[in-house]
Every structure is written in structure tokens, then in C-alpha cells.
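# need a structure here:
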Amino acid sequence: MALAETSHGLLLTNGSGSGLWLHGEGRNNLISSRRGSGGYALELGGSILFRECLEDCHRLVSWTPGDGLTEILRAETAYGPFPAPEGALVCLPRRVLLIDGEGGILREWNTEPAPSTACLLEGRLLYTTDDGLLHSDSPPVPATEGHVLAVRAVPETDMAMVETADGGLLFIDGNGDAVLRAENARFPSPAPGGAVWAELDCRGAEAVGGRVIRTWAASGRLDTLTRGFPAASPLVRADGRLVCTDLRTGRIPGVDVGKLRPSEGTGRADDPEAWLDLVPYMHQRWDTPDWFNGSWSCGPTSCMMAVQYYNRLTPDSIWCSYPSPGHWSQWGEYIPELYTFLGHTYDVWGISPGNVWVQGAHGFICRDAGGAYWDYMVLWMQQHGLYSAWGGTEWSTFTSEVDQGWPMVASTTSEYTSGHILLFNGWFADHSFVSNDSYGDQNQPGWGDYYNGEDVVYDWYPYDNGHVQIHVAQLFYARDSVLAAADTLVDDYSWGFQKLGPCQYWHEVDAGYSGNAWWTYSTGAPPDTCVARWNPQLPEPGQYDVYVFIPSQRATATGTYHLQTPSGWEEAVLDQSLYSDQWVHLGSFSLGTNPVLRLGDYTGTGGEYIAFDAVRFDRVQSAVGEEDAGLGTGSLRVWPSPCREPAVQVALPAGTAGARISVFDLSGRRVMQRETADAGTALLDVGRLPEGVYLVLAESADVRETARLVVLP
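Numbering: from 1, shown residues only. Predicted coordinates for the structure are as follows:
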């Protein structure tokens, strides 16, 4: 990428802006390999000024041939340098400095809030901040529309150009009046007497064909130059020649710069403010079927990652051959193949590379464009149960969503691509962010050829922290109930819940525990077609009462629950039609810490409704067989009540005020429980208990006593 032209030669950087080279006399000279060094650079007094991102701060550096590097400024954060008459501007937290080539401060402005870009226009300071507004040190402030990203001076004129998040480029004069507004402009670069930029079609997920390069001069002339290749980073040289980068090769036509290697320190940042690390990752090329070229499928793949963060579709695993030796992909089949879910059939045909027409998520979202249509991305996520809508372009919108546990899908551009859909899932205070990039890591060479796009770090344009800078064209909401961690309660909105089987047979109902449950039709012949699994995380091995919640709707079948225990699988048969919106006791079982409860749709009777909702595991404090459990002195007594048959009277030992009384059968299952407020006696109604021998347990903070109870017919 070409950054600027100097008297020493052409300044170059790689795609991530993480290294700075000087190209002259047919060779490249590495100036800096530090992160951030290729963001902004300029020549001042024969020296080249640029910024480097260190581990704990930023610093401004001067470089001169023969003398090497000299540090001239160090701060917590620093953005720039930006060209200004007789010096350079540097944006620091809450102030802007005008410095000379040796770092001497020529002028200083206090700003609020913190500035990100700045320029001088006829002596007035213009600067942009996080609030998306253009500010000035003296009125009037030029009027702008939309979220302002950056302001830069136009050399050899009395004008400045203002970039907005919607792709707008506004040229203003010294009075703040608009001279020209360009729509859909990306990567604008000031040029002597004007500017140059790329016009992009951001509706598509990937560039198809070339870009339109526009040049504009202060005289009012607007020229169009169409390149036959996807071009980026346009720059007008001193002799009027236009240079730009061919994104297919990473080379600059007409300038033999060779391959610029990645610099040091371009890896992941540490300590994000918020990070949704459980968002699943999918690569659009290497997690889809081998026969399908997913190079245009960043939109469907990013939307799929958002949907599966909420565990919506059932796994439909396929074997993918790359990277060697291969791996299983759980949801890649849904990208190009026909499927049905929640009453919607994804049978729309969409074009993919090689003029191959496919269905599935790619066909529905991409259709005849090859790249993603924004509205169809939103509709696809809505049909899969999420709340989705256009979300604008504000940094604060994105951070607020992630803070609440919701990722966002985003349509973006960068130096590498004129249109690419990403999933955003974390952010840093310095305006870097975490992304699942379905095409790979843009910070590394060979983007698209490697399986390396999970949780990569990019910079939110115009902030430069040494990663690839991403322009956000549009954010998209992707909200649903955030899944809870699995513990002793596992709901269908928990990570411990799993649906298996063809997704077209699974249906959702707004009823049950937390207002949501899944259901399907029962089948009359084995094996199971659909299966649900609950995987709790229990604090310790022991005896547990297992309860299932039966919703008030779509629950009429008699199902067989299978529970994995240390001694093998045990079964519990339950007629769901007998219950409505209530917890039902399956039984008491001896369990380890990671049991599995399973319910399938095979019942022996087809066409009935079988529901899958929450499961609860309650620890049983059973005294059966516990000879050394500290059972007290044996002062608990139980006898029939002569006045309240079929009740029994329980005499509590001293010190058991506020005790809990539990009754267990001889298998250790708790069959009755009640709380007592006072010491003395309590009544238990045992009329519903089958005849047999039971154990009565009275517990308080200080006393634990048992007694034997015999129930006669």
C-alpha cells in the first residue's frame, strides 16, 4: 500500500499498516517493523515522522537517512502525525499539539473529548472525536451530516475534506461551507489541489470486478478512472501519476515493490473491555462442503456464527478436507444446501464463484448478487429466531451490544476488500475490536488461504493501533436470550442443552420455563429421529432428585427419559399430558458430576406432541446407610396421630427450631418434605404414601436426627 511520497522516495506499508518501508531507486528500505508504524506518515524538514505502538504506550518517531530513528514524543495514546503548515499535528488525550520536525511544541490546544484526527484550516483547528462530531477551536463549526470519522487538509487549497461513516466525503472551505459532497467514497487521500478516492458498492459481501477510482480538483473537475482490477489505497504522486494497490496480488502496478513481510507485534491484543469468547467460528471456505467455493459467502457465514451463538440450528456435520488432515464442520452444510427450519424453506437459488448456483443460506442471502444483500441478512436472522435490524455505524452502539452479551454482524471495507461481512464480538478501550473474520486474518499475509480468522483484532477506522483498519458501512443487530452456563439447572437457553436430528422437525413454542420450549412430533417406530440432551454440571457426586419442566403447550406424548449414571443408563417414563407448566419429579438417582439426560421422539405412538424444556437436579441429603454421618442421639420420635389420621406426629429434638423434615423411601428417594417454624411437634400427612418402611430426617443448623416410619395399608 502506498502511504505518501517524499523527497526520499515512496513510503509504503503492508495491509495492516504495521510496518513502514521507503521505496527508492528500485529497492525497499525497512524503516520500522513496529506495530502501527504504517498508519500515518509524512515528511517534515527532511525527516519522516510516524508513530509506533509499543506494548504500553505510543510514541512519535523521526527518521532520517543515515541518522536512523529518534524518539520525539511518548504518550499513553497518540494519533497522527497529520500535515499542517510549518509542522505536524498530533492528537493526544484531550489535547492537540503542533510540533516541528524535532518534536518542539509550536502550539497547543486543549480539547474535550479526546481527539482522533485533526487539521488546520486558515488558522482554525478542526478535529474529530468519539462522539462522531466535527469540532473547531473557534466558531462557526462547519455543519456536517452523519457520524464524522476523520478530517484532513487538502494541500495547495484552503479546504478540508471530512469523512463520514456512511461513505460520504464532504469538502468544506475556510468558512465551513460545503463545496462538494461525494457519496460512497472509501480510502480518500488528499492530493495537490484536490483528492482521490475509491467508490464502492457496499451492498455486496465481496468485490466482483474492479473499483471506480475518482479524482477531484479544486477547479471543480471530477474525473473517473475505472480500473480492471479491484484497486485500493489510491495516491496521486507529485508528477500527477495515480498509483493504487491491486488487491488480488498485493502489488502496486508500475512500481516494483516486491512482497512486504508482516511486522512484529501484529498478533492479538490483551485484556479486552468485553469479549464474547463463546461465539463459534466458521471459515467461509474451509467449513463449507469441499465441492462448494465459499469465497463469496462471508455474509451467510457471519450470520450463521451469530445464530449458532444462541444454539438455534441442529448440527449437520460434514467432513472438510482443509486444513489437513481435515475436520468436522457442524453447520457448513447449511450454507449451500437446501434446508427447512421453523417453517421456512431456504430454496432460493444464489450465484457463487464459477457460476455455480446454490440454495441454503448463501442462496437466500446472496441471490443474484454473489455478495450479501443487507436486508436478506436481517430477514434470515429474524427467521432463525433472532431480533435483527440495521444498527447504524456508531462505536457506542457496538460496544453497548457486546456489553449486554450480544454480538453484531457488520458490513465493512478495508484496504483488502471493497465489501466484507464480519462478526464483531469484543472491544478494547483504544478502539481496537475482536472479530470472527470468516475469510481469515487480514493482519497476516495470504488472507483467505488459512484457517486463522477466529478472534482476530482489527482497528476501528480512523483509529490506528497497528492492526488493519476497518471501515464500518453498517452494523446489524443479532439479539436473542443469552445462553446461561450449565449448572444444576439446564434450560433450552443454556449451554448444556443440545438438539440433535434434522432441523426441519424441530419447532419452538412460547411457553414453558422462561417462556420458551422446543417440541416435535412423536414417532411410532424406532430409532429416534430427534433427540434432546441435557448436560448439567453438578457440584459433587451424590444422590439427586431430577425434575423436568413440562410446558402448557405441545406436550401430550408419553416419553422415556434416559439418565446416564455411574452404574449405567436408567429410564423414567413420563406421560407429559398429565402436567402443565410445572416441575415433574422423574426420580432420585445416584449421579456423578457430569451426567447426561436424554429424551428422544420415539414413543411407540406417532403424531403426538413431545416437549423439551428445562431440567433441574436437586441434591438429596439422604441419611440412608450413613453410619458415620453424625445423626445425633436418636431423640427424634414418630407415632400415629389419634386425631388427624392418616397423619403421623413427629416429636422434634431440642434445638431444631426452623427445621426441615424429609421422608425417604428405602431406595433413598425423597418422597416428602416440609419446613417447621418452631421446636416441638409437627404433623406429616402420609396418606398418599404406599405401604412400606420409610426414613424420617429432621435437619436444622445444629441438629440432624433420623427415625423409622412404617406405613400400613
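
# what's the weakest-modelled helix or strand in this protein?
Across the helices and strands of the chain, the lowest-confidence element by mean pLDDT, DSSP states H and E is strand 222-226, at a mean of 54.

# Check the gap between the residue nearest the centre of the chain and C298 for me.
When Cα atoms, centre = their mean is applied to the chain, the residue found nearest the centroid is N425 (2.7 Å). Distance of N425 to C298, computed by Cβ to Cβ, to the nearest Å: 15 Å. Where you see a C-beta, it was placed from the backbone N, CA and C, and this is true even at glycine.

# what's the answer for A369, then?
When Cβ to Cβ is applied, the distance between A369 and C298 equals 13 Å.

# Convert the C-alpha atoms of stretch 88-100 to PDB, please.
Included here for stretch 88-100 are C-alpha records, laid out as PDB according to Å, rounded to 0.1, in the frame of the first residue of the first chain:
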ATOM      1  CA  ALA A  88       2.700  18.400  12.100                       C
ATOM      2  CA  LEU A  89      -0.400  17.800  14.300                       C
ATOM      3  CA  VAL A  90      -0.500  15.100  16.900                       C
ATOM      4  CA  CYS A  91      -3.700  14.100  18.800                       C
ATOM      5  CA  LEU A  92      -3.100  13.200  22.400                       C
ATOM      6  CA  PRO A  93      -5.700  12.500  25.100                       C
ATOM      7  CA  ARG A  94      -7.700  15.800  25.400                       C
ATOM      8  CA  ARG A  95      -5.200  18.000  23.600                       C
ATOM      9  CA  VAL A  96      -3.700  18.600  20.100                       C
ATOM     10  CA  LEU A  97      -0.100  19.600  19.600                       C
ATOM     11  CA  LEU A  98       1.500  21.400  16.600                       C
ATOM     12  CA  ILE A  99       5.200  20.200  16.600                       C
ATOM     13  CA  ASP A 100       8.200  20.800  14.500                       C
END
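
# Tell me how this protein divides into domains.
1-110, 142-256, 275-477, 489-619, 637-711 (automatic domain parsing).

# which one of those lies closest to L126?
Between L126 and these, the shortest separation by Cβ to Cβ is 5.0 Å, and it involves domain 142-256.

# End to end on that closest one, go ahead and measure it.
Between the opening and closing residues of domain 142-256 lies a distance of 42 Å (Cα to Cα, to the nearest Å).

# go on, stretch 401-408?
First-to-last distance for stretch 401-408 - Cα to Cα - comes to 7 Å.

# next SSE after the least confident helix or strand of the chain?
Scanning forward in sequence from strand 222-226 by DSSP states H and E, the next helix or strand is strand 231-236.

# Put the alpha carbons of that following strand into PDB.
What follows is strand 231-236, C-alpha atoms only, in PDB (Å, rounded to 0.1, in the frame of the first residue of the first chain):
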ATOM      1  CA  ALA A 231      -8.000  -1.400  -6.500                       C
ATOM      2  CA  ALA A 232      -7.400   0.200  -3.100                       C
ATOM      3  CA  SER A 233      -5.200   2.900  -1.500                       C
ATOM      4  CA  PRO A 234      -5.200   5.400  -4.400                       C
ATOM      5  CA  LEU A 235      -2.400   8.000  -4.200                       C
ATOM      6  CA  VAL A 236      -1.600  10.900  -6.600                       C
END
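
# Tell me the strands beside it, with direction?
Partners of strand 231-236 in the sheet, by DSSP bridges, are strand 242-246 (antiparallel).

# where's L97, which helix or strand?
Element membership for L97 (DSSP H and E) is strand 95-99.

# got it, and V402?
When secondary structure is defined by DSSP H and E, V402 falls within helix 395-403.

# residues of that helix that come out buried?
Under the neighbour-count criterion of 16 or more other Cβ atoms under 10 Å, helix 395-403 has 395, 398-399, 401-402 buried.

# just those now: which is nearest D459?
Comparing these against D459 with Cβ to Cβ picks out W395 as the nearest, at 11.5 Å.

# Now do the contacts for that closest one.
With contact taken as Cβ atoms under 8 Å, 6 or more residues apart in numbering, W395 is in contact with 130, 431, 460.

# Filter the residues you listed down to just the ones in strands.
In strands, defined here by DSSP state E, the members of the contacts of W395 are W460.

# Show me which of the contacts of W395 are buried.
A residue is treated as buried here by neighbour count (16+ other Cβ under 10 Å); on that basis the buried members of these are 431, 460.

# where's the dip in pLDDT among the contacts of W395?
Per-residue confidence across the contacts of W395 is lowest for D130, with 81 (pLDDT).

# what about the residue nearest to that one when sequence neighbours are not counted, neighbour count?
On the basis of Cβ to Cβ, 6 or more residues apart in numbering, the spatially nearest residue to D130 that is not a chain neighbour turns out to be P113, at 5.9 Å. The number of residues packed near P113 is 12, by other Cβ atoms under 10 Å.

# which other helices and strands contact the helix or strand containing T412?
Under DSSP H and E, the secondary-structure element containing T412 is strand 408-413. Other helices and strands packing on strand 408-413, by 3 or more Cβ pairs under 8 Å, 6 or more residues apart in numbering; DSSP states H and E, are helix 298-308, helix 374-383, helix 395-403, strand 420-427, strand 469-477.

# pLDDT averaged over the last one - what is it?
Yep, that's strand 469-477 we're talking about. In the prediction, strand 469-477 has an average pLDDT of 93.

# Which strands border that strand, and is each parallel or antiparallel?
strand 390-392 (antiparallel), strand 408-413 (antiparallel), strand 456-460 (parallel).

# any chance of the ones you listed in TSV, plus distance to D239?
Output for the strands paired with strand 469-477, formatted as TSV (distance: least, Cβ to Cβ, whole Å):
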stretch	distance to D239
strand 390-392	42
strand 408-413	29
strand 456-460	32
